[in-house]
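Novice: how does the following fold in three dimensions:
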Amino acid sequence: MKQSLTYYITLLVIRLKGLKKNFSLDPIDYKKIRKGDVHHPGGKLFKQNKVRTFKVSNSVITEIERCGNSKNLLLFIHGGAFISGPAQHHWDAIKEIATQTSHTIWMCSYPKAPESNISEISANIDSIYKVALENYRPTQISLIGDSVGGTLVTALTQRLVKKGAELPSKIILISPVMDASMSNPEIEKLDAVDPILSKAGVLSAKRMCAETHDLKNVMISPLYGSFEQFPKTILYIADKDITYPDQKLAIEKCIDAKVDIEIIEGKKMPHIWPLLPVMKEAKVSLNNLISKLND
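Specialist: All right, here's what the predicted structure looks like:
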């Protein structure tokens, strides 16, 4: 299928911003990347609706509630290579979700590396889900995560299954990083065409986060864990993304585990494509995602 004009404009903007260059550095300049973080979003949606912030453990939760007494909760675990975020594109996606669904949304800003390691970050994610269960039934809870947010959602689900705990209704994963070790040989050829990520920078960020430098620990590399008993899983992947080969391996494990999984593949799309601004293909995929939340 032919790509839209906005697709090429988006790729041009990505190049001009130097995102690939930033993710080609080792060590990665996490302080520079954090300059794009947005912790206090503006706009009419956030001014006209009930918004509050509260802390769970060492995480800051921004709650957006458009409908009083909403019956459904969406936990949004943002990406950012464990070193940054949330960014403006996360808030833009939340605005669309809040406008088109009745979900209460929790944007979960968890501790970051290198100040915090994966065990500390994972403990925060566990605490957030525990608080969610105090206010909602598990069937009322959905989780969404992009990039390493998808890592954290997947690893949380694995821990919940292992503990025999109550699972969310569904999980939505957007370009999740399934293996922090970046050891899949298929990654090398994709590194040359991925417009956003590069193996060197991604590996540097993972090493900053990995406890005892074990990049295959299931907390940071859920590919090495079990996918048995996963809830409904919706997975958005892209074939111009260095995280794509490991997502394909995770899909095989999900199929073997008989997971109810739905896969949406973006042909010639980059990392986290449903969340990118301007691009027509992104808007279509985000609307598709929202329709699945409303199912």
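Novice: and residue 237, bridged to which residues?
Specialist: Partner residues in beta bridges with residue 237: residue 265, with DSSP bridges as the criterion.
Novice: could you list every residue that touches it?
Specialist: Counting by CB atoms under 8 Å, 6 or more residues apart in numbering, residue 237 touches 175, 244, 247-248, 263-266. In short, each C-beta sits where N, CA and C put it, glycine included.
Novice: just the buried ones from these, in PyMOL syntax?
Specialist: Restricted to buried positions by 16 or more other CB atoms under 10 Å, the PyMOL selection for the contacts of residue 237 reads:
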select buried, resi 175+244+247+264+266
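Novice: please produce TSV containing the contacts of residue 237, extended by pLDDT and distance to residue 284.
Specialist: Rendered in TSV, the data for the contacts of residue 237 read as follows (pLDDT from 0 to 100; distance: CB to CB, whole Å):
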residue	pLDDT	distance to residue 284
175	98	16
244	98	20
247	98	20
248	98	23
263	98	16
264	98	10
265	97	13
266	96	10
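Novice: what's the closest of the contacts of residue 237 to residue 83?
Specialist: Residue 83 has its nearest neighbour among the contacts of residue 237 in residue 175, at 16.6 Å by CB to CB.
Novice: pretty sure the closest one contacts residue 269?
Specialist: No. Checked against CB atoms under 8 Å, the pair residue 175 and residue 269 is beyond contact range at 9.1 Å.
Novice: need the residues touching each of those two.
Specialist: 238, 241.
Novice: now tell me which helix or strand of this structure has the poorest mean pLDDT.
Specialist: When the helices and strands of the chain are scored by mean pLDDT, DSSP states H and E, helix 44-48 comes last with a mean of 76.
Novice: quick check: pLDDT value at the residue sitting nearest the centre point of the chain.
Specialist: Residue closest to the mean C-alpha point of the chain, counted by CA atoms, centre = their mean, is residue 146 at 1.6 Å. Looking at residue 146, its pLDDT is 98.
Novice: what's near enough to touch it?
Specialist: For residue 146, the set of contacting residues under the criterion of CB under 8 Å, 6+ apart consists of 78-79, 90, 173-176, 272, 275.
Novice: mind listing which of these are in strands?
Specialist: When the contacts of residue 146 are checked against strands (DSSP state E), the matches are 173-174.
Novice: which of the contacts of residue 146 tops the neighbour count?
Specialist: By neighbour count, taken as other CB atoms under 10 Å, the most surrounded of those turns out to be residue 175 (31 neighbours).
Novice: what sits closest to residue 27 if chain neighbours are left out?
Specialist: Distance criterion CB to CB, 6 or more residues apart in numbering; nearest residue to residue 27, sequence neighbours excluded, is residue 204 at 5.0 Å.
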